[in-house]
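A.B. asks: starting from these lines, generate the structure:
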Amino acid sequence: MTEALTRLAQAAGIEDGWWDFFGTFRVVSDDTKRAFLTAMGFAVGDDTQVAESLRRFEEQDWRRWLPPTVVVHERHDAPELVLTLPSARDNEEFSWELDEEIGVVHSGRFVPTQLPWIEERWLDGQLIKRWRLRLPTLPSTGYHRFRLTTWDRVEAATRLIVCPDRTWSPEHLEQGGRIWGVQTQVYALRNGRDWGVGDYGALAELTAGAARLGAGTVGVNPLHALFPNQPGNFSPYSSSSRAFLNVIYLDVEAMADFQDCPEIQALVAAPEFAARKAALRDLELVDYEGVAALKRPVLEALYAHFRRRHLDGERGHAFRRHQEESGDSGRQFATFEALQERFLHEGNGYWRHWPAEFRNPDGPAVLRFAESQRERVEFYWYLQWQADVQLAAVQAAAQAGGMPVGLYRDVGVGIADDGGEAWMQQRALASGVTIGAPPDPLAPRGQDWGLTPFNPLGLRETGYRPFIEALRANMRHAGALRLDHAMQLQRLYWVPQGHAADQGAYVRMPVDDLFGILALESRRNNTVVIGEDLGTVPDGFRERMENTGVYGYRLFVFERNNDGTFKLPEVFTEQALVALGTHDLPSLLGYWQGIDVAARARLNLYPRQGQDEEEHRNRSGDRRGLVEALQRQGLLPEPFPHDGTLSDHQARALADAVHVCLERTPSKIMMVQPEDALGLVLQFNLPGTVDQHPNWRRRYPMEVATICGHPRLAETARHLLHGRVAPEQRGKVTV
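C.D. replies: Below is the predicted model of the structure:
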């Protein structure tokens, strides 16, 4: 039955093999194919099941009159829909209605034999035919509903999505302008008022300060909801849900209920509490469990105060409006949080192990729980509301400072399997596999990120709603969105659970549909889209990004010519974001010192003996190449060291030279990391590790006000003032 297994795998989008970074073609095993097919919902336990699954899959679209979702692009003429109908209805009259999202309704009638015939086949003893129905007009871009009805009231429906061809971009960039921005990690921020972790208040302060320096955007790590009842799960890329916000970033003392409640203010001002807060604030690494233990009782008290004093007033009405806007998804996620809290007390936090009646978000047991525990559910909803209010204040600070883009958010490529999104979106996810990356120089053993991916077949069946919801939520209160691992739009590298990361395979995604929906949501939300296209990029993918208006992602340390030399600024692409590095790389001085190579060697992450020594030699060559490239552009003096420890003056000269080099590129967006401008030695995340390295915990050694007023960042801003500041913003710049 190998042939049937191969046919089923190919039909489901599983590729037969892949070329690794080192030039070896890896053939995908039958065991891997079975694991992936099982994750997609197929029964493939034995040969009989494989054959039956293949038959059902090949017949699926022949057994329904309309596909579940149809995606078309506005560049096309009036759309054509494929109808699959029993031949017994060839001469019957059908009615159709197209309900546009804006309320316009189109309708018509047809007899199948009047339509162009496509193909036919016998199924269960009856002849099934396919016809092409051309609609009289192309609806406006948006989400519409098409329905078929027969004389005997049989109905079928599909979701028709009409997409623009290109994503949105602000007028300043469209007219040839360029901007620069500050890229940061929210948890790393300090402002003297935080409770041991950076918060939305510190982010608003940084945003206002960056605007005064002329920055057009502030980029942040994902703000996705994590696990408030499991604060030890703190990776921003392993979220409970991408459609909701991380509440540990709440600026407690900025909340209206805190300002309104003297009793809670007194509690926080008490010597013992203040001492705990100061101790957490002074740590070099975030103690997430300590922060949660400090914040949680106060948030509980604030919610109780809100219910007691404001639920029936103006603020209560604002909360109810937020609930209405977040709809069923908001209700389900808040219910999940309350359910997980309950079951964690019983030692059972993983929803797949809950009693069966609680695994279905729409099941009667869950609805009864939500009703009987309404206050508890609304506590978690209240936290989401407050996080949304504070994030809106961040974007308001950006707009007040004249930023043409403002907040630049990040949406992760997958989710944690034990979180709320996995519970809520079971039909659209693949269970039993994780997302990762094949071996490359950054992670020679490959990577398994432990994240659950979308099931490409399930996405189509659900009208792409989970994908749309994730995009829309992360474009809220933002002017730009980074799409983590942008290749997810075309294919994803899956790893069977329990297997090594290099034993995975690629699974194709509905690329045309996903790019179209991305463009639609970008235009609806006035959000620039930046696709992180690093690593193994499929042929033609970057061209598709360019044609759709998605900005590429160019890291200076990776941009090399064929001979290994660093690229000149003028050869960088215009439609791109350019930066020195990212959270997965060490800072500039850390790169110079090779702290990432040393860490991988110390943690035994290299697959063969001696590879760390090779990497140190390669880094030595990289340092020499970097210095020579900057000297050829007149940006570094001669002589300048190629190795060894740099003096403070030399480190500053190197950082200035790199940032001026990046400023010279035609790329429309340039990002500056404070750690590079300020000469810090750190790395926020070491790929290929979970808890062996202090990932997502490092904090800046200085407060936001100090960073924004630092002479080194001011000098960097001066280099960028004329070429990368929007004209309407220049009057507000105070470098």
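A.B. asks: identify the residues contacting residue 208.
C.D. replies: Counting by C-beta atoms under 8 Å, 6 or more residues apart in numbering, residue 208 touches 397, 400-401. In this view, the C-beta of every residue, glycine as well, is placed from N, C-alpha and C.
A.B. asks: reformat those as a markdown table; add neighbour count, pLDDT and distance to residue 452.
C.D. replies: Converted to a markdown table, the contacts of residue 208 look like this (neighbours: other C-beta atoms under 10 Å; pLDDT from 0 to 100; distance: C-beta to C-beta, whole Å):
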| residue | neighbour count | pLDDT | distance to residue 452 |
| --- | --- | --- | --- |
| 397 | 22 | 96 | 35 |
| 400 | 13 | 95 | 39 |
| 401 | 22 | 94 | 38 |
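A.B. asks: can you put the residues you listed in JSON lines and add distance to residue 543 and secondary structure?
C.D. replies: JSON lines is the format used below for those (distance: C-beta to C-beta, whole Å; DSSP: H, G, I helix; E, B strand; the rest coil):
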{"residue": "397", "distance to residue 543": "37", "secondary structure": "helix"}
{"residue": "400", "distance to residue 543": "38", "secondary structure": "helix"}
{"residue": "401", "distance to residue 543": "36", "secondary structure": "coil"}
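A.B. asks: got these as a markdown table, with distance to residue 352 columns?
C.D. replies: Formatted as a markdown table, those follow (distance: C-beta to C-beta, whole Å):
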| residue | distance to residue 352 |
| --- | --- |
| 397 | 41 |
| 400 | 46 |
| 401 | 46 |
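A.B. asks: just give the nearest non-adjacent residue to the residue nearest the centre of the chain, would you?
C.D. replies: Most central in the chain under C-alpha atoms, centre = their mean is residue 411, positioned 1.6 Å from the mean C-alpha point. Once flanking residues are discounted, residue 411 sits nearest to residue 474: 4.3 Å by C-beta to C-beta, 6 or more residues apart in numbering.
A.B. asks: what about that neighbour, distance to residue 585?
C.D. replies: For residue 474, the distance to residue 585 equals 23 Å [C-beta to C-beta, to the nearest Å].
A.B. asks: between these two, which one's more packed in?
C.D. replies: A direct count of neighbours by other C-beta atoms under 10 Å for residue 474 and residue 585 places residue 474 higher, at 25 against 22.
A.B. asks: the closest residue to residue 88 other than its chain neighbours: how many residues sit nearby?
C.D. replies: Leaving aside its sequence neighbours, residue 88 sits nearest to residue 126 (C-beta to C-beta, 6+ apart; 6.8 Å). A count of neighbours around residue 126, defined by other C-beta under 10 Å, yields 9.
A.B. asks: which residues does residue 126 bridge with?
C.D. replies: Assessed by DSSP bridges, residue 126 has beta-bridge partners residue 123.
A.B. asks: hang on, it packs against residue 87?
C.D. replies: Yes - using C-beta atoms under 8 Å, residue 126 makes contact with residue 87 at a distance of 7.0 Å.
A.B. asks: now do the SS call for residue 606.
C.D. replies: When classified by DSSP: H, G, I helix; E, B strand; the rest coil, residue 606 comes out as coil.
A.B. asks: now it, nearest residue through space, not along the chain?
C.D. replies: Residue 606 sits nearest to residue 612 (C-beta to C-beta, 6+ apart), 5.3 Å away.
A.B. asks: by contact count, what packs against the strand or helix carrying the one you found?
C.D. replies: Residue 612 is located in helix 611-632, with elements delineated by DSSP states H and E. On a contact count with 3 or more C-beta pairs under 8 Å, 6 or more residues apart in numbering; DSSP states H and E, helix 611-632 meets helix 595-602, helix 648-663.
A.B. asks: what's the closest of those helices to residue 316?
C.D. replies: Distance to residue 316, taken as C-beta to C-beta, is lowest for helix 648-663 among these, at 48.8 Å.
A.B. asks: thinking again about what came up before, what distance do you get for the residue nearest to residue 88 to residue 673?
C.D. replies: 64 Å.
A.B. asks: likewise residue 199?
C.D. replies: Distance from residue 199 to residue 673, by C-beta to C-beta: 20 Å.
A.B. asks: who has more neighbours out of the two?
C.D. replies: residue 199 (28 against 22).
A.B. asks: burial measure for the closest residue to residue 177 other than its chain neighbours, as a count.
C.D. replies: Using C-beta to C-beta, 6+ apart and skipping residues adjacent in sequence, the residue nearest residue 177 is residue 726, 6.2 Å away. For residue 726, the count of nearby residues is 19 (other C-beta under 10 Å).
A.B. asks: ok, residue 85 touching residue 126?
C.D. replies: No - taking contacts as C-beta under 8 Å, residue 85 lies outside contact range of residue 126: 10.7 Å.
A.B. asks: list the contacts for residue 537?
C.D. replies: By C-beta under 8 Å, 6+ apart, the neighbours of residue 537 are residue 487.
A.B. asks: mind checking the SS state of it?
C.D. replies: coil.
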